[in-house]
Each structure stands twice: as structure tokens, then as C-alpha cells.
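Peer 1: I'll drop the sequence and a predicted model, then ask my questions.
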Amino acid sequence: MGSGMGPVFGLQGKLADWQRDGIIDADQAERIATYEAGRSRPRLALALAVLGAFTIGVGVIAIIAANWDAIPIALRLGLHMALNLVLGTAAWVWTRSTGPEPSVRGEGAVLLLSLSTLALIAHIGQSFQLQGSAAGLLGGWLLLATPFIVRLSRGGINRWVWTGGLFAWMLFTLDEHHRWLSDKHLLSTFFMLFLAVLSALRADRLRLPPVWARHLGQVAAGAAILGTSIMLMIVAPLMTRPVTEAARHDVLIGAGVGLVALAAAHLLVPADRRGARLGLGVAVALAPALFALPLLFTGTTGAIIAGVAFCLYWIGLARLALVAGRPGWYRLAVVLIAVRVFVAYLDAAGGLMATGLGLILAGLVLLGLAYAAWRMMEWRMERPV
């Protein structure tokens with residue numbers, strides 16, 4: 001706001017704009033500014049405190065490491081378990097005291113407790129010379145850490161740490177049983193069922209906290225859409241030779257199982273059976289089938305089909321984003337479609353456009369995509385982003 005002084009940014013700028021537009025009056029603007037000022041925290045002091053605590057922790061770890069062999073196993077494990085007990089008590093007290101809102105202390109304690117639990121499992125294995133795998137280590141951590149992470153965490157960092165551990169366990173398990181799953185053509189099926197189970201955990205009867213149910217649904221849908229998009233946008237143009245029959249059978253079986261399993265998991269939640277959520281469920285269920293498309297067609301035909309399928313898929317997602325009021329997803333869809341069209345153009349310039357028929361086919365595809373882009377702009381005008 002201001003005459004001749006340029007725009008004012010931040011909270012004061014917003015308050016000035018709202019006051020100028022008649023949304024709030026001067027008294028309300030002052031009360032909002034006072035409230036926000038009272039909520040502000042001394043970030044420098046907090047950062048210094050965190051740095052100091054981290055430095056002390058590193059020093060303690062360095063002292064213990066220097067005398068590790070001299071410490072009896074029972075004492076080492078006892079101290080580690082005592083540390084877990086202290087962290088668990090702190091996490092419980094701090095998360096209970098703040099209610100449903102996340103706090104730095106509570107989330108930090110839960111994070112340290114989960115990481116200390118992982119270290120404790122490794123510590124026990126190292127102390128007693130136990131043989132195990134990375135999948136077993138992460139599996140044990142998930143069994144022990146999931147209950148208190150789900151019960152105590154409020155913020156996103158612990159959910160994403162848990163999600164990262166879960167996907168790492170899945171990848172290590174795939175690697176460990178790769179030969180058997182590959183012989184049975186079940187590699188793709190394993191991954192699809194993994195995503196379907198994640199989505200099914202949102203079912204009302206399981207009574208997960210709403211934030212966790214929403215998070216699992218987003219992870220399952222995002223993984224399905226991301227995998228399909230990478231396949232159609234990046235992998236398909238690079239496939240110069242047909243895949244083996246075994247790989248084709250594996251992916252086709254996984255596509256069929258994934259379509260049914262993801263659709264069934266989505267329908268377990270009554271709120272997802274209507275409106276934009278139903279459309280998203282259809283898009284997620286179609287992802288495995290679209291993932292398999294590049295394996296059915298090769299050469300120029302396969303490149304065209306993969307490109308058109310990608311663009312149509314993201315046009316549908318863009319429409320869903322507008323219906324659901326998610327402008328960020330709409331903009332992402334527009335960008336991805338533009339990039340995919342550019343990739344298709346480069347691919348066509350390499351050989352397809354050297355012939356008259358190729359030019360005609362490429363022109364028809366581009367005209368179709370231009371019409372689809374025009375329709376997307378029309379949707380945007382109908383529902384401003």
C-alpha cells in the first residue's frame with residue numbers, strides 16, 4: 001500500500017490491501033497484527049538452542065565412541081534403552097500438553113525416539129553378532145515405531161520419515177525376494193498390492209487419525225500417478241527394443257491386479273465414492289494399465305500411443321484439479337503436458353517427420369493436443385485458478 005512508496009509485502013501489506021478493499025476495518029487490522037506479533041517466536045534464540053543441544057549430543061557421542069569397546073554390552077544396551085524411555089516419556093508429555101497442534105518439542109522427541117529405536121535394533125544385532133538383512137532391520141523398526149509415531153506425531157516430518165522407512169523396507173524386500181518374484185511374474189503385482197494396502201488403510205473401520213488417513217491416500221495416489229507418468233514421459237521414449245516376454249507378462253499381470261486392487265481400496269472410503277474424489281480414484285486405478293501400455297507397442301506406434309496417453313491422462317487430472325479447487329495441480333498438469341509435447345516433437349524430428357505420412361500423423365496429433373489444451377483453458381476460465 002502507499003502512494004509513491006511501492007508495494008508493501010508481508011502481513012502489513014496484506015492487512016493494508018484488505019483494509020483498502022473494505023474486507024476489514026482499521027480496528028480489525030490492528031487486532032490481527034497484534035495477534036500475529038504475539039504468536040511470533042524468537043527464531044534466533046531457538047536456532048542457537050538447537051545448535052547448542054546438537055553440539056552437546058555430538059560431544060557425548062564422540063566420548064562414547066572413543067571408549068566403546070571398554071563399555072560392557074549390558075551397560076551399553078541398558079543406557080540405550082534408558083535413552084528410549086526418556087525420549088518416549090518426553091514425547092508423551094510434550095505431545096499431550098499441546099493437544100492436536102504440532103509442537104517443535106513434541107515432534108522432535110518423536111523423531112529422536114523413532115531414530116533411536118532403529119539404532120537400538122541395530123545395536124542389539126551388532127552386540128550379539130546377529131545375522132540379518134536391511135529389510136529385517138526396517139521391518140523390526142516399523143513394527144516397534146509405527147504405534148507411537150501414529151499415536152503421538154502431529155506434524156508432517158514424522159509422517160514422511162515413516163513413509164520413507166516403509167518404502168525403503170518395500171524396496172529391500174523386493175531386492176531380497178527378487179528371483180522368486182521374477183520367476184512367478186509377481187514383481188509388479190507386489191508393488192501394486194503394496195500401494196493398494198496403503199490406500200485401504202484409510203478405511204473408516206480402522207479408525208486411523210484423519211491426518212494419517214489423508215496422508216496414506218495421498219502417498220498411494222501420488223506413487224501410482226508418479227510411476228505411470230515417469231513410464232509414459234521418460235522411459236517410453238527411450239525404449240528402442242521390445243521387452244522380454246517374461247517382463248511383459250509380469251507387468252500385464254501387475255496391471256490387472258493393480259487396477260482391481262486400487263479401485264477396491266478406493267471404494268472402501270464412502271466419501272471417495274462421489275465427485276472429484278471418485279474421479280481421482282478412477283485415475284489412480286487406471287495408472288497400472290497405462291503403465292503397461294509402452295510394453296504392448298514398440299517403435300513409432302508405441303511412442304505416439306505413450307505420448308497421447310500421457311497427455312490425455314494429465315488433461316483428465318487437470319480437470320479434476322479444477323473441480324477440486326487445486327490450482328497448483330492444474331498448473332503442474334499444464335507444464336507436464338507442454339514438456340511431453342516437446343519431447344514428442346523431438347522424437348518425431350528424429351525420423352517420423354522425414355516422410356509425408358509422418359508429417360501428417362504428427363500434425364494430427366498436435367492438432368488434437370492443441371484442442372485439448374484449448375479446452376483446458378476454457379475450464380480455467382469457467383473456474384478461475
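Peer 2: Received it, and whenever you're ready, just let me know what you need.

Peer 1: quick one: low-confidence parts of this structure?
Peer 2: Within the chain, the ranges that satisfy pLDDT under 70 run 1-11, 37-47, 49-50, 53, 345-363, 365-366, 369-370, 372-385.

Peer 1: again, 50 this time
Peer 2: Applying pLDDT under 50 to the chain picks out residues 1-9, 384-385.

Peer 1: Look at Ile23 and give its secondary structure.
Peer 2: Under DSSP: H, G, I helix; E, B strand; the rest coil, the three-state class of Ile23 is coil.

Peer 1: all helices in the stretch 101-250 of the chain, in order from the N-terminus.
Peer 2: Secondary structure of the stretch 101-250 of the chain (DSSP state H, counting those that start in this stretch): helices at 104-127, 134-152, 156-176, 178-183, 187-200, 210-230, 236-238, 245-267.

Peer 1: neighbouring contacts of the fourth one?
Peer 2: For helix 178-183, contacts defined as CB atoms under 8 Å, 6 or more residues apart in numbering pick out Leu174, Leu187, Phe190, Ala246, Asp250. Quick note: C-beta positions are derived from backbone N, CA and C, even for glycine.

Peer 1: out of the residues you listed, who's nearest Ala344?
Peer 2: When those are compared for distance to Ala344 (CB to CB), Asp250 wins out at 27.3 Å.

Peer 1: What spatial separation is found between Gly13 and Arg20?
Peer 2: 11 Å (CB to CB, to the nearest Å).

Peer 1: who's more crowded, these two?
Peer 2: Between Gly13 and Arg20, Gly13 has the larger neighbour count (other CB atoms under 10 Å), namely 13 against 10.

Peer 1: just to revisit the earlier point, need the contacts of helix 178-183 in JSON lines with neighbour count and distance to Leu262, can you?
Peer 2: Listed next are those as JSON lines, based on neighbours: other CB atoms under 10 Å; distance: CB to CB, whole Å:
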{"residue": "Leu174", "neighbour count": "16", "distance to Leu262": "18"}
{"residue": "Leu187", "neighbour count": "21", "distance to Leu262": "17"}
{"residue": "Phe190", "neighbour count": "17", "distance to Leu262": "14"}
{"residue": "Ala246", "neighbour count": "12", "distance to Leu262": "24"}
{"residue": "Asp250", "neighbour count": "22", "distance to Leu262": "18"}
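
Peer 1: what's the most distant pair in the residues you listed?
Peer 2: Longest span within those, CB to CB: Leu174 and Ala246, 16.2 Å.

Peer 1: Which secondary structure state does Glu36 sit in?
Peer 2: Assignment for Glu36 (three-state DSSP): helix.

Peer 1: number of nearby residues for it?
Peer 2: So Glu36, with other CB under 10 Å, has 12 neighbours.

Peer 1: Quick one: residues contacting Leu166.
Peer 2: Counted by CB under 8 Å, 6+ apart, Leu166 has contacts Leu142.

Peer 1: Please look at Ala135 and Leu142 and confirm they touch.
Peer 2: No - with contacts counted by CB atoms under 8 Å, Ala135 stays clear of Leu142, the gap being 10.4 Å.

Peer 1: Next, show the common contact partners of the two.
Peer 2: Contacts common to Ala135 and Leu142, judged by CB under 8 Å, 6+ apart, are Trp169.

Peer 1: Can you give me the buried ones in stretch 195-215?
Peer 2: Leu195, Ala196, Leu198, Ser199, Ala200, Leu201, Arg202, Leu208, Val211, Trp212, Ala213, His215 (16 or more other CB atoms under 10 Å).

Peer 1: With Pro327 as the reference, measure out to the spatially most central residue of the chain.
Peer 2: Nearest residue to the geometric centre of the chain (CA atoms, centre = their mean): Val219, 4.6 Å. For Val219, the distance to Pro327 equals 22 Å [CB to CB].

Peer 1: what number of residues lie near Arg319?
Peer 2: 18.

Peer 1: contacting residues around stretch 80-92?
Peer 2: 105-106, 109-110, 112-113, 116-117, 119-120, 123, 148, 152.

Peer 1: again, only using 10 Å
Peer 2: Residues outside stretch 80-92 that contact it (CB atoms under 10 Å, 6 or more residues apart in numbering) are 105-117, 119-120, 123-124, 127, 144, 148-149, 151-153, 158.

Peer 1: Show me the one of the helices of the stretch 101-250 of the chain that comes nearest Thr301.
Peer 2: Smallest distance to Thr301 across the helices of the stretch 101-250 of the chain (CB to CB): 11.5 Å, for helix 236-238.

Peer 1: related to what we said a few turns ago, out of the helices of the stretch 101-250 of the chain, which is closest to Val341?
Peer 2: Here helix 236-238 is closest among the helices of the stretch 101-250 of the chain (CB to CB), at 12.3 Å.

Peer 1: Show me how far stretch 170-188 is from its chain's centre.
Peer 2: On the basis of CA atoms, centre = their mean, to the nearest Å, stretch 170-188 sits 23 Å off its chain's mean C-alpha point.

Peer 1: What residues sit buried inside that stretch?
Peer 2: Buried, per 16+ other CB under 10 Å, within stretch 170-188: Met170, Phe172, Thr173, Leu174, Leu181, His185, Leu186, Leu187, Ser188.

Peer 1: likewise stretch 147-156?
Peer 2: Phe148, Ile149, Leu152, Ser153, Arg154, Gly155.

Peer 1: hmm, who's touching that stretch?
Peer 2: Here stretch 147-156 makes contact (CB under 10 Å, 6+ apart) with 87-88, 91-92, 94-96, 98-104, 106-111, 113-114, 117, 142, 158-159, 161-163, 165, 208-209, 211-212, 215.

Peer 1: redo that, cut-off 8 Å
Peer 2: In contact with stretch 147-156 (CB under 8 Å, 6+ apart) are residues 88, 91-92, 95, 98, 100-103, 106-107, 110, 113-114, 158-159, 162, 208-209, 211-212, 215.
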